[in-house]
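Trainee: structural data only, the sequence is not supplied:
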Ligand SMILES: Nc1ncnc2c1ncn2[C@@H]1O[C@H](COP(=O)(O)OP(=O)(O)OP(=O)(O)O)[C@@H](O)[C@H]1O
């Protein structure tokens, strides 16, 4: 069963001042159970609108979505989800510990389970020292960490996280990536939005690129990076003279040079190189990263 199914979702906001804003247009996506899916898009692309719609917080103009087979309108659908909103705001007179208790109870967890899970998530998110201080005294990054803790507390199957790394320092960002990878190992489904390509490249199985409310790309991250291989950089000892198709870029050490080969010349040039007495010490693909792929999509769509 698919964990998340989004079918032809459209959302038009009507504002007095600006008239109609088409935030989502015919968006369809299926996210398999156990998949980590990065929803990538520039500011104003429609990421939060998608997430709020599939969380049942705003009604779609048309289209439907299901989570674990349940319609988003049904409260049962939400029982499976750990949700982190874009700008989490809590009852800030509560402490992190009290807030997690409140969330745990709303998911009908027992007090014993709440105590165990709350301690584990508070420690995981490095909030232990601050756990008995009111949230209103927390920094932005600490509030974000509470947001993640409340998404984790009831150990749901599906995580829907709106910009989970936002407001975090490099240590916090690395921690969130680690948590996402741990969730994946545990067979959970994670759907998260971001505008940072590196976040997607490091942790996601699949990526969707949304621009102007329309899905512009939906595919496997590994394949995308593999297809983006433009050539190879080789370090070669005893390079034969006049090796065809190779460009010598620099000398590395005595007798070792770096050469660049186009993707289509790799096999032919390597065979020739070895046959003529050269030896390959190192080989690395020269590939487009996700960022240049993302920027290419934005350029095509006239966003940059
Ligand atoms: N309540 C609203 N009323 C009117 N327009 C809205 C409303 N919410 C969102 N929009 C518009 O819908 C479009 C998509 O916004 P959305 O917040 O989904 O983008 P986003 O991809 O999450 O952006 P960001 O990365 O900046 O958070 C934007 O043009 C935005 O101005």
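Mentor: Alright, I've got the coordinates. Quick caveat, the model's predicted, so the values are computed rather than measured. Numbering: from 1, shown residues only.
Trainee: state the phi and psi torsions of the residue nearest to residue 21 when sequence neighbours are not counted.
Mentor: Among residues not flanking residue 21 along the chain, residue 13 sits closest, at 4.4 Å (C-beta to C-beta, 6 or more residues apart in numbering). Quick note: C-beta positions are derived from backbone N, CA and C, even for glycine. Dihedral angles of residue 13 (phi, psi; degrees, to the nearest 10) stand at phi -90, psi 140.
Trainee: residue contacts, residue 13?
Mentor: By C-beta atoms under 8 Å, 6 or more residues apart in numbering, the residues touching residue 13 are 20, 21, 23.
Trainee: just those now: which is nearest residue 182?
Mentor: Comparing the contacts of residue 13 against residue 182 with C-beta to C-beta places residue 23 closest, at 32.8 Å.
Trainee: phi and psi next, for that closest one.
Mentor: Per-residue torsions, residue 23: phi -80, psi -30 (degrees, to the nearest 10).
Trainee: surely it and residue 15 touch.
Mentor: No - between residue 23 and residue 15 there is no contact under C-beta atoms under 8 Å: 11.1 Å.
Trainee: what about those two, which has more around it?
Mentor: Between residue 23 and residue 15, counted using other C-beta atoms under 10 Å, residue 23 has the larger neighbour count: 24 against 8.
Trainee: which residue does the stretch 51-200 of the chain have closest to the ligand?
Mentor: Among all residues of the stretch 51-200 of the chain, residue 195 sits closest to the ligand, at 5.4 Å; criterion: C-beta to the nearest ligand atom.
Trainee: and that residue, how many neighbours?
Mentor: By the criterion of other C-beta under 10 Å, residue 195 has 16 neighbours.
Trainee: show me the contacts for it.
Mentor: Residues counted as contacts of residue 195 (C-beta under 8 Å, 6+ apart) are 40, 41, 42, 43, 47, 163.
Trainee: are any of those buried, and which?
Mentor: 40, 41, 42, 47, 163 (16 or more other C-beta atoms under 10 Å).
Trainee: how about those residues in a markdown table, adding distance to the ligand, secondary structure and pLDDT?
Mentor: Shown next, in a markdown table, are these (distance: C-beta to the nearest ligand atom, whole Å; DSSP: H, G, I helix; E, B strand; the rest coil; pLDDT from 0 to 100):
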| residue | distance to the ligand | secondary structure | pLDDT |
| --- | --- | --- | --- |
| 40 | 10 | strand | 93 |
| 41 | 5 | coil | 91 |
| 42 | 7 | coil | 89 |
| 47 | 3 | helix | 95 |
| 163 | 7 | coil | 94 |
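Trainee: and which of these is nearest residue 131?
Mentor: Of all the buried ones among the contacts of residue 195, residue 163 has the smallest distance to residue 131: 24.0 Å, by C-beta to C-beta.
Trainee: residue contacts, that closest one?
Mentor: By C-beta under 8 Å, 6+ apart, the contact list for residue 163 reads 47, 86, 192, 193, 194, 195.
Trainee: I am finished for the moment; much appreciated.
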